[in-house]
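Visitor: sequence-free structure coming up:
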């Protein structure tokens, strides 16, 4: 990930040189390999380079168009360079050398603001068109590359991180309490609004245009085609095409000359990516980094070691490295996350992520692949497969699947039909029942104060959220679970860009093969029984990796569970968490947002929970630590404000 930024004064006044200098300093960790700047009347762009460009190709820069009337800066990696170059009639001899930036500029010359419809890959870029007096911002389909912006008076600022914008004197750090409430429910911050009132994240698959009137306007350039269908006569053709697309998604994210690693969990997605990366070039050694529990830990028998070892034994050119994050607390990364993202910790197991990044960096990796995103987009049909079949009146398929699912889940007919009946309810009825059962918000896993939630009208926001419906296991009955997941990801965003930014702190370029648009579109278009049949899910990726993955990995049905390891760490730190929450009640008024009685109940449940319980870390991850992380975030904001004065 490279860093980009820009300043645009609508009335055309010159840009104060101190502002680009300050932004460059703030984003400096992203630009270890070079800095470039381009400016025009009332506009200034900057680019801080993390160079992962294949040998022989020109790196991306902040640059002028050939005629000097267009400015460009971008953080991008294109997947469809060949097709794009052909459409733009670029000669064969020039295609390998031309930079991604120059390709995008040529695309803009050809198609204007519609150029984003012709691009595939991970990208966030900006173009200033001097003759048209038009500023264009674009973000990739799934929001892998971050792009934040703020409009203050007649000035418009954008940057790869919120930290860069917040370091500007014109950008106030005033908080949006609605987004703090959303954080306490999701433990994440989505695309669009951020916790800061004037800062927004450009929504994935969207453009932002500012023209003569100075008002930003956003528009979607891509939505998944939910009506597209792929049908083959031969079952094997589905698998062959999936394998072809997945292999291409992996190959396009490996840069020749870079040392590539993979974050491996032992699950299907990351293991498949590892095997495809290693098998495409058996002469090159690839690095796998995986998290395991210490051998003498009570949770050691429930970690991923046996799957990681089986994978390593099957791939001679895989160098498998393990990290235990020994002695690291779930509270350890709070300050580091704040410094990098200016956000609360988004994931309670962030300490695992940091340990994996550190291990990859010590192995001299430049590029790091991850299987993250597979569940939501490319390999998972979801837990409400039967409900979708029944709701879409695929009755023959439903009858065949019913017996297999009932046997696998071990449910009685009465209980299974109860689940099916609930899943067919209209959204409004479902929400009404949830509110009757769980109160104002209709959820049982939150410590948020009800009066605060009412003050910010949080229920309206949740009820309008498609992604919330999916996570609450209530998909629209006429769509597959997969379609609902993907639409939620596109409309509301995910936190992949935060992972990318944190990886850049370790000088790593993090990449997501399972967020490849062509792969996702294919997965949406195939019949649902290609994803799940006879009670077995993830069928496509299982069949596509036959003879590639060891059966111990390929045929596993349980998901990776950090819970036991997390529970042990949480128990060791309960006193620190209690003390921190009590301090935060006084220092930053955390009691306005969270119910302390609920937090005490969560602490008591964690103390009583054992490793053998079904969800041994649920209270800590979903209730207790989000409250602590929010309180510490507010404290750090306050400390920073006091230091600046």
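Guide: Happy to help now that I have it. This one's a predicted model, so the numbers in the text were calculated from it and none came from an experiment. Numbers count the residues shown, from 1 in each chain.

Visitor: from now on I want contacts and neighbour counts done on CA atoms only, so please keep to that.
Guide: Will do.

Visitor: give me the buried positions along stretch 206-215.
Guide: 206, 207, 208, 209, 210, 214 (16 or more other CA atoms under 10 Å).

Visitor: return the member of those nearest to residue 397.
Guide: residue 206 (37.3 Å; CA to CA).

Visitor: tell me how far that closest one lies from residue 284.
Guide: 38 Å (CA to CA, to the nearest Å).

Visitor: what does residue 108 give?
Guide: Here the criterion is CA to CA. By it, residue 108 lies 37 Å from residue 284.

Visitor: which one's more surrounded, the two?
Guide: residue 108 (18 against 14; other CA atoms under 10 Å).

Visitor: you'd agree that one is in a strand?
Guide: No. Assessed with DSSP: H, G, I helix; E, B strand; the rest coil, residue 108 is helix; it does not lie in a strand.

Visitor: for it, what are its contacts?
Guide: 114, 115 (CA atoms under 8 Å, 6 or more residues apart in numbering).

Visitor: where's it relative to residue 137, distance?
Guide: In terms of CA to CA, residue 108 sits 12 Å off from residue 137.

Visitor: next: residue 208.
Guide: Taking CA to CA, one finds residue 208 at 5 Å from residue 137.

Visitor: tell me how many other residues surround the residue lying closest to residue 546 once chain neighbours are set aside.
Guide: Of all residues not flanking residue 546 in the chain, residue 554 sits nearest, at 7.5 Å (CA to CA, 6 or more residues apart in numbering). Residue 554: 25 surrounding residues under other CA under 10 Å.

Visitor: I figured residue 554 hits residue 542, correct?
Guide: Yes. Counting by CA atoms under 8 Å, residue 542 is a contact partner of residue 554 at 5.7 Å.

Visitor: who touches both of those two?
Guide: residue 268.

Visitor: out of the buried residues of stretch 206-215, who's nearest residue 637?
Guide: Nearest to residue 637, judged by CA to CA, of these is residue 208 at 28.9 Å.

Visitor: report the beta-bridge partners for that closest one.
Guide: Counting by DSSP bridges, residue 208 is bridged to residue 137, residue 218.

Visitor: that one and residue 126, how far apart?
Guide: 9 Å.

Visitor: isn't residue 9 right next to residue 154, touching?
Guide: Yes. Residue 9 lies in contact with residue 154 (CA under 8 Å); the separation is 6.0 Å.

Visitor: who's more crowded, the two?
Guide: The residue with more neighbours, out of residue 9 and residue 154, is residue 9; 20 against 12, by other CA under 10 Å.

Visitor: next, the buried residues of stretch 526-546.
Guide: 526, 528-533, 535-545.

Visitor: and for stretch 221-239?
Guide: 221, 224, 238, 239.

Visitor: on the three-state scheme, the residue nearest to the third one when sequence neighbours are not counted is what?
Guide: In this case it means residue 238. Among residues not flanking residue 238 along the chain, residue 232 sits closest, at 6.8 Å (CA to CA, 6+ apart). Classification of residue 232 by three-state DSSP places it in coil.

Visitor: quick one, phi psi at the closest residue to residue 539 other than its chain neighbours?
Guide: In space, and not counting its chain neighbours, residue 539 is closest to residue 531: 4.9 Å by CA to CA, 6+ apart. When read as degrees, to the nearest 10, the backbone of residue 531 gives phi -90, psi -30.

Visitor: check the gap between residue 531 and residue 537 for me.
Guide: 6 Å.

Visitor: quick check: residue 579 is in a helix.
Guide: Yes. Assignment of residue 579 by three-state DSSP places it within a helix.

Visitor: return the per-residue confidence for the residue nearest to residue 238.
Guide: For residue 232, the pLDDT comes out at 96.

Visitor: and if you look at residue 100?
Guide: pLDDT at residue 100 comes out at 91.

Visitor: wait, isn't it in contact with residue 78?
Guide: Yes. Residue 100 is within contact range of residue 78, at 6.5 Å (criterion: CA under 8 Å).

Visitor: before we move on, the earlier item: next, format the buried residues of stretch 206-215 as a markdown table and append distance to residue 360 and pLDDT.
Guide: Below are the buried residues of stretch 206-215 laid out as a markdown table (distance: CA to CA, whole Å; pLDDT from 0 to 100):
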| residue | distance to residue 360 | pLDDT |
| --- | --- | --- |
| 206 | 32 | 94 |
| 207 | 34 | 97 |
| 208 | 35 | 97 |
| 209 | 38 | 97 |
| 210 | 41 | 95 |
| 214 | 44 | 81 |
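
Visitor: can you tell me which two in the residues you listed are farthest apart?
Guide: Pairwise distances across the buried residues of stretch 206-215 (CA to CA) peak at 18.3 Å, for the pair 206 and 214.

Visitor: hey, where'd the strands end up in the stretch 151-300 of the chain?
Guide: Taking DSSP state E, counting those that start in this stretch, the strands of the stretch 151-300 of the chain run over residues 155-159, 192-193, 199-201, 206-210, 216-220, 260-263, 286-291.

Visitor: burial-wise, tell me which of these comes out on top.
Guide: The highest mean neighbour count among the strands of the stretch 151-300 of the chain, using mean count of other CA atoms under 10 Å, belongs to strand 260-263: a mean of 28.

Visitor: tell me the mean pLDDT for that strand?
Guide: 96.

Visitor: quick one, strands of the stretch 1-150 of the chain?
Guide: So, for the stretch 1-150 of the chain - with DSSP E, counting those that start in this stretch - the strands run 3-9, 35-40, 43-48, 63-64, 70-78, 121-129, 134-139, 148-152.

Visitor: can you tell me which of these has the worst average pLDDT?
Guide: strand 63-64 has the lowest average pLDDT among those, namely a mean of 68.

Visitor: circling back to that earlier point, the more surrounded of residue 100 and residue 78?
Guide: Neighbour count, other CA under 10 Å: between residue 100 and residue 78, residue 100 has more, with 23 against 19.

Visitor: gap between that one and residue 119?
Guide: Distance, residue 100 to residue 119, by CA to CA: 11 Å.

Visitor: overlap in contacts of the two?
Guide: Joint contacts of residue 100 and residue 119 (CA under 8 Å, 6+ apart) are residue 78.

Visitor: next, the residue nearest to residue 268 when sequence neighbours are not counted: phi, psi?
Guide: Nearest in space to residue 268, with sequence neighbours left out and distances taken as CA to CA, 6+ apart, is residue 554 at 6.2 Å. In terms of degrees, to the nearest 10, the main-chain angles of residue 554 are phi -70, psi -30.

Visitor: which ones are touching residue 554?
Guide: So residue 554 contacts 268, 542, 545, 546 (CA under 8 Å, 6+ apart).

Visitor: residue 311 contacts residue 271, correct?
Guide: Yes. The criterion here is CA under 8 Å, and residue 311 meets it with residue 271 at 7.2 Å.

Visitor: strands along the stretch 301-450 of the chain, start to end?
Guide: Going by DSSP E, counting those that start in this stretch, the stretch 301-450 of the chain shows strands at 318-323, 367-370.

Visitor: ah, wrong one, I meant the stretch 501-645 of the chain
Guide: Going by DSSP E, counting those that start in this stretch, the stretch 501-645 of the chain shows strands at 509-511.

Visitor: pLDDT weak spots in it?
Guide: Within the stretch 501-645 of the chain, the ranges that satisfy pLDDT under 70 run 614-620.

Visitor: next, work out how far apart residue 184 and residue 508 are.
Guide: 30 Å.

Visitor: actually residue 95, not the one I wrote
Guide: 26 Å.

Visitor: same deal with residue 264?
Guide: Taking CA to CA, one finds residue 264 at 16 Å from residue 508.

Visitor: who has more neighbours out of these two?
Guide: A direct count of neighbours by other CA under 10 Å for residue 264 and residue 508 places residue 264 higher, at 30 against 27.

Visitor: hmm, the more buried one is touching residue 370, no?
Guide: Yes. Between residue 264 and residue 370 there is a contact under CA under 8 Å: 7.3 Å.
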